[in-house]
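**Student:** okay, here's the prediction I keep looking at, along with the sequence it came from:
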Amino acid sequence: MKWVQFQWFACVVGVVALASQAHAQTAAIGLNFTGTTRGNDSTFNPPDSMGAVGPSHIVEMINGQYAVYDKAHGGTLDKRSLNDFFDAFGPGFDGPFTFDPRVIYDPFAQRWYATAVDNVGAANNIHMAVSVSANPLDGWRAFKVDSDSDDDRWADFPQLGYNADGVVVMANMFTVPGSGASGSQVSSVIVGKSDLINSATPSFTLLEDQKQNTGSSTQPTVDLDNVGGELLMFSARISSVNLNLLGVSRVIDPASATPSISSFGLINIDDFADAPNADQPGAKPNLNSGTDRIQTSVVRVGGSFWGVRSGADPVTGNAGVQWFQVDAATNFLFHQGFISESGLDLIYPSIAVNAFGDIVIGMTGSGENQFASSYAVVGKQLDPLGPVEFGDLMLLKAGVSDFERLDSQNRNRWGDYSSTVVDPSDPRRFWTFQEFVHDTDQWGVQITELIVPEPSALALLGLGGVVLASRRRRP
């Protein structure tokens, strides 16, 4: 049994009604292949499944590995370690390795952007890279930024976003052992997009240790509306006691020589308990599900911001996915909901939305009777203020065995994030990069193309009114 909660709001005075339901959505599976696997290509754990798609290429960038594939057939065109990537295209890295990479494709600038950090647990650098063309095989330019001038904190979990004017990396800053510093902070690297693309040595601004009251693990938005000016950022964990808030901050004048960051506001959102660790068949420890922070990109499409995070289903207790839609003009929470599946824990979700209101959320699913596998669910919003309807969970690649790789904190690590994107050449095509068990105690990254139906010319008739929360059980 699947339990899905929908909640949405539209402000028109005088009428109260329950929403009409859009048609349940599905998609055809197109190209579907396994990218990097542990043991064959990377020795890291976890991989941090991450990828993006351009006009003709797929780029996978995970812990330990950079790869480029032919988008038509999935053939490998380039493959090298993540270390080799930053050595080849930039000034090199500090410490034993680079980690926590992110990559996105900007269809407006026709460039790829990437980031990572190095030298875990010690004074380190934030790395940024930009491709020289829409073809990643033509090469990249990379540079690194000392993450903390005092070297008493180190950067972790960088997050990457852009708008029409700038590209932003946000990173969590943790104390270096023995430094005497205390408390975590947030730092950012801000680069004007034109300078990043056109200059061999782009100017950047580092804003160090700027703790905001809007929380940590701040996700700069990926702006597919291509709007200039301030760039908004979202975070979910404001404090240990205020988990029902989304924090919103903004980068002001990202293309200028003196950009700044300020808190923008807090948005009330349904409070779900932290997701439990994901069950798996057999006696091995459950898979670590991370926290309720926003782990992957928040996207701006059609005047709305869309994001996801993990949580616990209040009915079954299973790990599931909370999604939200925020109006870009008013900062008002239009819609939110929760997706879960009986017998499965759904962890490390990522979301993509196109201009026709099609929504794809990719994730890992695991349970007592299901090895960790790649899944997705497809949704539809026919009207920007109307309800959102999701179809059934789709199995994209089944895991084949159980998994155990404990870290120094005795966690059976799985994560820390995944990626789902819209194809820049065809908005009906989505791509998701999800982790699954490739072999006993070995992960793999499944790269899957999902093709949604042609957009309908029909739209929901506007009811006008305040639409109340609705819940539905589906067998």
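**Tutor:** Received the coordinates, thanks. Bear in mind the structure is a predicted one, so any value in this text is a computation, not a measurement. Residues are numbered from 1 along each chain as shown.

**Student:** every contact and neighbour count from this point should use C-alpha atoms.
**Tutor:** OK.

**Student:** toward the C-terminus, what is the element adjacent to the helix or strand of the chain with the lowest mean pLDDT?
**Tutor:** Of the helices and strands making up the chain, the lowest-confidence element is strand 16-17, at a mean of 22, by mean pLDDT, DSSP states H and E. Scanning the chain past strand 16-17 towards its C-terminal end, the next helix or strand to appear is strand 28-37 (assignment: DSSP states H and E).

**Student:** report all helices and strands that the next helix or strand after that following strand contacts.
**Tutor:** Scanning forward in sequence from strand 28-37, with DSSP H and E defining helices and strands, the next element found is strand 51-53. Judged by 3 or more Cα pairs under 8 Å, 6 or more residues apart in numbering; DSSP states H and E, strand 51-53 is in contact with strand 57-62, strand 98-106, strand 419-422, strand 429-439.

**Student:** sheet-wise, list the partners of the longest one with their directions.
**Tutor:** Sheet neighbours of strand 429-439, with direction, are listed as strand 419-422 (antiparallel), strand 442-451 (antiparallel) (DSSP bridges).

**Student:** M233 pairs with what?
**Tutor:** So, taking DSSP bridges as the rule, M233 has P220, S249 as bridge partners.

**Student:** that one touches T221, doesn't it?
**Tutor:** Yes: using Cα atoms under 8 Å, M233 is in contact with T221, at 5.7 Å.

**Student:** F430 - how many residues pack around it?
**Tutor:** For F430, the number of neighbouring residues by other Cα atoms under 10 Å comes to 27.

**Student:** ok, now which ones touch it?
**Tutor:** By Cα atoms under 8 Å, 6 or more residues apart in numbering, the residues touching F430 are A352, V360, T420, V421, V422, D423, E449, L450, I451, V452.

**Student:** which residue packs closest to the fifth one, ignoring adjacent ones?
**Tutor:** For V422, ignoring the flanking residues on the chain, the nearest one in space by Cα to Cα, 6 or more residues apart in numbering is F430 at 4.5 Å.

**Student:** swap in the second one?
**Tutor:** Take V360 and drop its neighbours on the chain: the residue closest to it by Cα to Cα, 6+ apart is V378, 4.6 Å away.

**Student:** the one you found touches F390, doesn't it?
**Tutor:** Yes: proximity of V378 to F390 meets the contact threshold set by Cα under 8 Å, at 5.7 Å.

**Student:** quick check: neighbours shared by these two?
**Tutor:** Residues touching both V378 and F390 (Cα under 8 Å, 6+ apart) are Q25.

**Student:** can you pull the contacts of the spatially most central residue of the chain?
**Tutor:** Within the chain, the residue whose C-alpha comes closest to the C-alpha centroid is T296; the distance, by Cα atoms, centre = their mean, is 1.9 Å. Shown in contact with T296 (Cα under 8 Å, 6+ apart): Q159, Q219, V308, P349, S350, Y417, S418, S419.

**Student:** neighbours around the fourth one, how many?
**Tutor:** Right, P349. The number of residues near P349, taken as other Cα under 10 Å, comes to 30.

**Student:** just checking, it touches S418?
**Tutor:** Yes: proximity of P349 to S418 meets the contact threshold set by Cα under 8 Å, at 6.4 Å.

**Student:** next, show the common contact partners of the two.
**Tutor:** By the contact definition Cα under 8 Å, 6+ apart, P349 and S418 are jointly contacted by Q295, T296, G362, M363.

**Student:** mind listing which of those are in strands?
**Tutor:** The members of those that map onto strands under DSSP state E are G362, M363.

**Student:** between the shared contacts of P349 and S418, which is nearest R38?
**Tutor:** Nearest to R38 among the shared contacts of P349 and S418 is M363, at 18.7 Å by Cα to Cα.

**Student:** look up how far I339 lies from the closest one.
**Tutor:** Remark: distance between M363 and I339 (Cα to Cα, to the nearest Å) = 11 Å.

**Student:** check V360 too.
**Tutor:** If you go by Cα to Cα, the gap between V360 and I339 works out to 12 Å.

**Student:** more neighbours: these two, which one.
**Tutor:** Set side by side, V360 and I339 give different neighbour counts by other Cα under 10 Å, the larger being at V360 (28 against 23).

**Student:** wait, G337 sits on G320?
**Tutor:** No: shown here, G337 and G320 do not form a contact pair, counting by Cα under 8 Å, at 10.5 Å.

**Student:** out of these two, which sits in the busier spot?
**Tutor:** Higher neighbour count among G337 and G320: G320, with 33 against 21, using other Cα under 10 Å.

**Student:** now do the SS call for that one.
**Tutor:** Secondary structure state of G320, per DSSP: H, G, I helix; E, B strand; the rest coil, is strand.

**Student:** likewise D87?
**Tutor:** Assigned state for D87: helix (three-state reduction, three-state DSSP).

**Student:** burial count for it?
**Tutor:** The tally of other residues near D87 (other Cα under 10 Å) stands at 13.

**Student:** what residues of stretch 314-323 count as buried?
**Tutor:** The neighbour-count check on stretch 314-323 (16 or more other Cα atoms under 10 Å) flags G317, N318, A319, G320, V321, Q322, W323 as buried.

**Student:** in a markdown table: the residues you listed, plus distance to P136 and pLDDT.
**Tutor:** Formatted as a markdown table, the buried residues of stretch 314-323 follow (distance: Cα to Cα, whole Å; pLDDT from 0 to 100):
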| residue | distance to P136 | pLDDT |
| --- | --- | --- |
| G317 | 43 | 96 |
| N318 | 40 | 97 |
| A319 | 36 | 98 |
| G320 | 35 | 98 |
| V321 | 33 | 98 |
| Q322 | 34 | 97 |
| W323 | 32 | 98 |
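
**Student:** quick one, strands of the stretch 101-250 of the chain?
**Tutor:** Assignment of strands within the stretch 101-250 of the chain using DSSP state E, counting those that start in this stretch yields the ranges 111-118, 125-131, 140-146, 153-162, 166-175, 185-192, 205-207, 219-220, 222-223, 231-235, 245-252.
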